[in-house]
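Asker: structure for the following, please:
(one chain, ligands or ions: 1)
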Amino acid sequence: MSTIDELLDANQGYARTFDRGNLPLPPARRIAILTCMDARILPSRVLGLEEGDAHVIRNAGGRARDALRSLIISQRLLGTREVAVIHHTDCGMLTFNNRELREKVKDDLGSDTGEFDFLPFQDLNESVREDVEFLLATQLLNQDTLIRGFVYDVRTGRLREVDVGATLASTEERAEGQKGGEAITAP
Ligand SMILES: [Zn+2]
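Answerer: As a prediction, this is how the structure comes out:
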């Protein structure tokens, strides 16, 4: 039995008691969560989300450049107004660089990734800041979007907010809405 078969079994149980088939398409809480694909993070549990509450956009690292397409759709077509960027401790993105992964693809598959940027990073706070700054700077999202960045600790289950004060100082209009908040605690 493949893992997919196991998942199909589990889905039968889920569907048996499913009673949320009438939810509207736009997220009720008007927020998009951007986080890593790491298997240890279950955003619905970490953040207390229910079906219909939020968009959850995931990729390796929870990188903003990779998620922009989805965020534009999330805002323009489905009305979200806040973005939470959540990177995490012990992330796989801290363990390699572009050159190493390009070489591994070449060695394993014989394929050339060219200048493909896998968006790895070496410092968690820095990667969160970089992604929040990228989203604040893009002209493709609402200029009044509330954007905050966090590091999730996979050992404790807690979220710690990353200070993006320097970023906010350079974008005065947004600063009012984003001050404060040393840390918020996940359930
Ligand atoms: Zn990760």
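
Asker: would you mind naming what in this protein lies close to the ion?
Answerer: The chain comes close to the ion at residues 36, 38, 91, as judged by Cβ under 5 Å from the ion. Any C-beta I mention is one placed from the backbone N, CA and C, and that applies to glycine too.

Asker: same list (these) but as TSV, adding secondary structure.
Answerer: Shown next, in TSV, are the residues of the chain next to the ion (DSSP: H, G, I helix; E, B strand; the rest coil):
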residue	secondary structure
36	strand
38	coil
91	coil
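
Asker: let me know the helix or strand that residue 77 is in.
Answerer: Following DSSP states H and E, one finds residue 77 within helix 64-78.

Asker: pull out the buried residues from that helix.
Answerer: Residues 64, 66, 67, 68, 70, 71, 74, 75 are the ones in helix 64-78 that count as buried (16 or more other Cβ atoms under 10 Å).

Asker: so which residues of this structure form helices?
Answerer: 3-17, 43-47, 64-78, 98-109, 124-137, 165-169, 172-178 (DSSP state H).

Asker: mind checking the pLDDT average for the second one?
Answerer: When pLDDT is averaged along helix 43-47, the result is 98.
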